[in-house]
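Trainee: sharing a model prediction with you, sequence too.
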Amino acid sequence: MAGFYEEAFSGVGVNASEEVTLYTAENRDEMIIVKDIPFYSMCEHHLLPFFGKAHIAYIPGKNKITGFSHLARVIETLARRPTTQEVLTSTAANILRKSIKPKGILIVTEAEHLCMTIRGVKKPGSMTITSAIRGCMRKDATRAEAFALIKGPK
């Protein structure tokens, strides 16, 4: 059990901002999306797992980008600590906004919470979706484009 908790909480005390490395690459307001990033975390209220996937979309500012794996590492670092899905989503957006300085960023997480699956209402398969939207991603057309690309074709 100790080994499990050591791994599950390995993000405690780790600065997720340090997972981001910036690169210069010409970008003319093109959106970058990494979707279906799997994660698991522990609900800080019940100490029960929640798990799902994260989707990150951003429009670089001043030709500064980061590696795709760095986006996943930020999610992984934040997920490996007791948290809530809402805080995970918002914190990831804030860290990436500060680190990358994009024109806009949108993060969506969708997860199943075992506190709803094995206790309380006992509704396995229920998905909770949270989003954090910053900068130019708040514009209706830009937000709609990001959501459409994240959702993908049916």
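Mentor: Received the coordinates, thanks. Please read these numbers as outputs of a predicted model, since none were measured by experiment.

Trainee: pull up the gap between the residue nearest to Ala25 when sequence neighbours are not counted and Ala141, please.
Mentor: Nearest residue to Ala25 in three dimensions, chain neighbours excluded: Ile65, at 5.0 Å (Cβ to Cβ, 6 or more residues apart in numbering). Using the backbone N, CA and C atoms, a C-beta is placed for each residue, glycine as well. Taking Cβ to Cβ, to the nearest Å as the measure, Ile65 falls 22 Å from Ala141.

Trainee: neighbour-wise, which of these two wins?
Mentor: Between Ile65 and Ala141, Ile65 has the larger neighbour count (other Cβ atoms under 10 Å), namely 19 against 7.

Trainee: strands of this protein, residue ranges please.
Mentor: 22-24, 32-43, 49-59, 64-66, 82-83, 104-113, 128-135 (DSSP state E).

Trainee: which strands or helices does the longest helix along the chain pack on?
Mentor: Looking across the chain with DSSP state H, the single longest helix is helix 85-100. Here helix 85-100 touches strand 32-43, strand 49-59, strand 64-66, helix 68-79, strand 104-113, strand 128-135, going by 3 or more Cβ pairs under 8 Å, 6 or more residues apart in numbering; DSSP states H and E.

Trainee: so what's Phe147 up against?
Mentor: Counting by Cβ atoms under 8 Å, 6 or more residues apart in numbering, Phe147 touches Leu106, Val108.

Trainee: any idea how far it is from Thr66?
Mentor: Taken as Cβ to Cβ, the span from Phe147 to Thr66 is 22 Å.

Trainee: what's the nearest residue to Leu114 if we skip its chain neighbours?
Mentor: Leu48 (4.3 Å).
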